[in-house]
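Colleague: my questions are about this predicted structure, shown below with the sequence.
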Amino acid sequence: MDSPHLSVASATDPGDPPLTRVSLAYVERRINLYLRFGRPLRELRLDRWRRCASFAPGAVFCRVRWESNDYGTTRWQLMVLQACTPCECMQRIAGVRPGAQLLLRTEGETAVQAVLERIDAIEALAIDPTQAAPAYWRTLGNRLAARQPLPAYNAERHAAWLCGEMFR
């Protein structure tokens, strides 16, 4: 019997680019592994608790992980990732196959909440976070690691990013 992950890979045409598969899960009061933003090409429900989202190369998405036990929250993690082609450099990340470029990674409730606030602020500007400059996510991650003030993403920064993309 084929595993669910193999069926996702075999569902594509040979001419299609390889997809990045992201594992998602939800078990009430135990684990919530979900996408905060991103547009998967398809999503496969594996069972009552698990799903698998597939992304095309170049797609940007954010995965949040929350875990708890009988005594409270044990883990907060947030990653902003960019799907790649097999020829590009990528990091191996648990639950992301074959891997992705890591734009931002943070752990801990305070840091994750700070990034979620930044994502909300980007959306309040009517900007899709998947379209934000990858350099912004990297800068945000570096500032968090250095315990420096977090930069805001504004319309001017976004316009500069889009202008630069036009000439690529």
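Modeller: Yep, that arrived.

Colleague: every contact and neighbour count from this point should use C-alpha atoms.
Modeller: Noted.

Colleague: name whatever forms a beta bridge with Arg50.
Modeller: Arg50 has these beta-bridge partners by DSSP bridges: Ala25.

Colleague: where does this structure have low pLDDT?
Modeller: 1-15, 168 (pLDDT under 70).

Colleague: what sits against the residue nearest in space to the middle of it?
Modeller: With distances taken as C-alpha atoms, centre = their mean, Cys62 lies nearest the centre of the chain, 2.4 Å away. Shown in contact with Cys62 (C-alpha atoms under 8 Å, 6 or more residues apart in numbering): Leu35, Arg36, Phe37, Gly38, Leu78, Met79, Val80, Leu81.

Colleague: which element is the residue nearest to Arg21 when sequence neighbours are not counted on?
Modeller: Among residues not flanking Arg21 along the chain, Ser54 sits closest, at 4.5 Å (C-alpha to C-alpha, 6 or more residues apart in numbering). Remark: Ser54 resides in strand 50-55, with elements defined by DSSP states H and E.

Colleague: okay, buried residues for that strand please.
Modeller: Neighbour-count burial for strand 50-55 flags Arg51, Cys52, Ala53, Ser54, Phe55 (criterion: 16 or more other C-alpha atoms under 10 Å).

Colleague: picking up where we left off before, widest-spaced pair of the contacts of Cys62?
Modeller: Gly38 and Leu78 (13.4 Å; C-alpha to C-alpha).

Colleague: so how far is the longest helix belonging to the chain off the chain centroid?
Modeller: Across the chain, the longest stretch assigned as helix under DSSP state H is helix 109-124. Counting by C-alpha atoms, centre = their mean, to the nearest Å, helix 109-124 is centred 14 Å from the centre of its parent chain.

Colleague: that older thread, more crowded one of Gly38 and Leu78?
Modeller: Higher neighbour count among Gly38 and Leu78: Leu78, with 25 against 20, using other C-alpha atoms under 10 Å.

Colleague: for the more buried one, give me its contacts.
Modeller: Applying C-alpha under 8 Å, 6+ apart to Leu78 gives the contacts Cys62, Arg63, Val64, Arg65, Leu104, Arg105, Thr106, Glu107, Val112.

Colleague: just to revisit the earlier point, ok, so of the contacts of Cys62, who is nearest Thr20?
Modeller: Using C-alpha to C-alpha, these come closest to Thr20 at Leu81, 10.5 Å.
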